[in-house]
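Undergrad: Return atomic coordinates for the entry below.
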Amino acid sequence: MTHQDQPAIVVVGIHGHGASHVEAARALVASGRARVAGLVDRTLTDEDRAVGDAPLFESLDDCLATVSADVVVLSTPIHTHLGLAVTALEHGADVLLEKPPVTSAAEYRALLAVEQRTGGLVQVGFQSLGSHAIGMIRDLVAAGTIGEVRSFDAAGTWVRTHGYWTRAAWAGRRQMNGVPVVDGVVTNPLAHAVQTMLRLADATREGRLERIELDQYRANDIEADDTSVVRLTLTTGEVLTAALTLCAAEDTDPIVTVRGTEGDIRFAYTRDRVEIALHGQEARIVDVERTGLIENLLEARASIGGAEPVALVSSLEDAAAFTAILDAIRAAPEPRPIATAFVDWRGSGAERHPVLPGIGELVERAVLTSSTFAELGAPWAQEPADRDAS
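TA: Got it, this is the predicted structure:
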């Protein structure tokens, strides 16, 4: 295969997290599996221009008017995802779309319809779903390793500074100029925890959620939530609980846990590390590999029409339940502000950040008991009149 015959990748949004996609694309170029046809960003730097390995453009429209693309990677503000993904699909490209894929259930249905009409592929940027731990854990559960499954949960305690929330106009916003943004702890920074929990419970697709309950708060001066519990009841009766905060004293590994009658399986998805803790036995730790999302997308598109098609590890269809949660958050009342008396502010300037004393213990208690912060009597949580978003 000549260089020009290799799949052509365009990356839109090449700074911040987008830089990791550029790096992944360049790694595929180095291994002879792809070529970079264009890099797109509204703010191009002298450093971008100095690299010189691909044409630079300030818009996707300008790029696609000049070059052909087989795969378009979108790492742009959340509220731009739908329009850019539709543009790429209409030009015949497959898409790697950063999470969250869209900002409402209506946008999700619209994008799904375009994907189906064009025959394109949309991979959603939940990198954790590429971890080989997913299949391993599901096999262990199916084999009865931890006995009967009692619950699934996700715990995340991270730090996000003032600089994080001021890095872009859309950061921490529920909407901007009347357009939904929905950028909070559940839907963006710790979205992988929620989606990984859904995948392990086989609950990512349409119609799996019976009930969505929200308990949302904010210590930062933002519109969206920075500290939340999401409690989900599946149509089959299982309960899934995610307790998440960006107001911890320090970052810890987010953990997704499958709890059973004979023990638990804990998955540190940022490390691709699985801990199998059976009652009365020493815990066993297994480190696994992960499949990259661009690599998987290229393999899936190459397998179309073949005898053994390759499935996307994070398809748009597999974002249905997550989008239902996002839509519930979009439609819910604003997160309750946490009174300053309960917040310990640390650092200064761009590094200033809030800490909720005891939040780590509260998160652990929430997932262990499938409880909200309000139900646990958190001092800064007041039980709202109605937080059921289903």
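
Undergrad: I'd guessed Leu240 sits against Val149; true?
TA: No - applying C-beta atoms under 8 Å, one finds Leu240 not in contact with Val149, separated by 11.0 Å. (Glycine included, C-beta is placed from N, CA and C.)

Undergrad: Have a look at the two and say which one is more surrounded.
TA: Leu240 (24 against 16; other C-beta atoms under 10 Å).

Undergrad: Could you say which helix or strand holds that one?
TA: Assigned by DSSP states H and E, Leu240 belongs to strand 239-245.

Undergrad: cool, and Arg138?
TA: helix 133-142.

Undergrad: Could you tell me the angle between the following helix or strand past that helix and helix 133-142?
TA: With elements assigned by DSSP H and E, the helix or strand that comes after helix 133-142 is strand 149-157. Inter-element angle recorded for strand 149-157 and helix 133-142: 150 degrees (by axes from the mean of the first three to the mean of the last three C-alpha atoms, to 10 degrees).

Undergrad: Tell me how far strand 149-157 lies from the chain's centre.
TA: 16 Å (C-alpha atoms, centre = their mean, to the nearest Å).

Undergrad: Stretch 234-254 too?
TA: On the basis of C-alpha atoms, centre = their mean, stretch 234-254 sits 13 Å off its chain's mean C-alpha point.

Undergrad: Tell me the buried residues in that stretch?
TA: Buried residues in stretch 234-254, counting neighbours by 16 or more other C-beta atoms under 10 Å, are found at 234, 238-249, 254.

Undergrad: Show the end-to-end separation of it, please.
TA: With C-alpha to C-alpha, to the nearest Å as the measure, stretch 234-254 spans 22 Å from end to end.

Undergrad: and it, average pLDDT?
TA: Computed over stretch 234-254, the mean pLDDT rounds to 97.

Undergrad: Likewise for stretch 378-390?
TA: Stretch 378-390 shows a mean pLDDT of 63.

Undergrad: and what of stretch 17-24?
TA: Stretch 17-24 shows a mean pLDDT of 95.

Undergrad: Could you list everything the closest residue in space to Ala319 that isn't next to it in sequence pairs with in the sheet?
TA: With sequence-adjacent residues excluded and distances taken as C-beta to C-beta, 6 or more residues apart in numbering, Ala319 is closest to Val124, at 4.8 Å. Beta-bridge partners of Val124, counted by DSSP bridges, are Leu97.

Undergrad: Name all residues that make contact with Val124.
TA: 97-99, 101, 314-316, 318-319 (C-beta atoms under 8 Å, 6 or more residues apart in numbering).

Undergrad: Among those, which lie within strands?
TA: If you go by DSSP state E, the contacts of Val124 have Leu97 in strands.

Undergrad: ok, of the contacts of Val124, which one's closest to Val22?
TA: When the contacts of Val124 are compared for distance to Val22 (C-beta to C-beta), Glu98 comes out closest, at 13.1 Å.

Undergrad: And the pLDDT at that closest one?
TA: The model reports Glu98 with a pLDDT of 97.

Undergrad: Now do the same contact list for it.
TA: Residues near Glu98 by C-beta under 8 Å, 6+ apart: 13, 17, 74-76, 81, 124-125.

Undergrad: ok so, going back, next, format the contacts of Val124 as CSV and append distance to Asn177.
TA: Below are the contacts of Val124 laid out as CSV (distance: C-beta to C-beta, whole Å):
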residue, distance to Asn177
Leu97, 22
Glu98, 21
Lys99, 22
Pro101, 21
Ser314, 30
Ser315, 31
Leu316, 26
Asp318, 31
Ala319, 25
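
Undergrad: quick one: which of the contacts of Val124 is nearest Val159?
TA: Nearest to Val159 out of the contacts of Val124 is Lys99 (C-beta to C-beta; 20.3 Å).

Undergrad: quick one on the thing from earlier: now for the contacts of Glu98, which pair is the farthest apart?
TA: Across the contacts of Glu98, no pair lies farther apart than Gly13 and Val124, at 15.2 Å, counting by C-beta to C-beta.

Undergrad: State the distance from Cys247 to Arg346.
TA: 10 Å (C-beta to C-beta, to the nearest Å).
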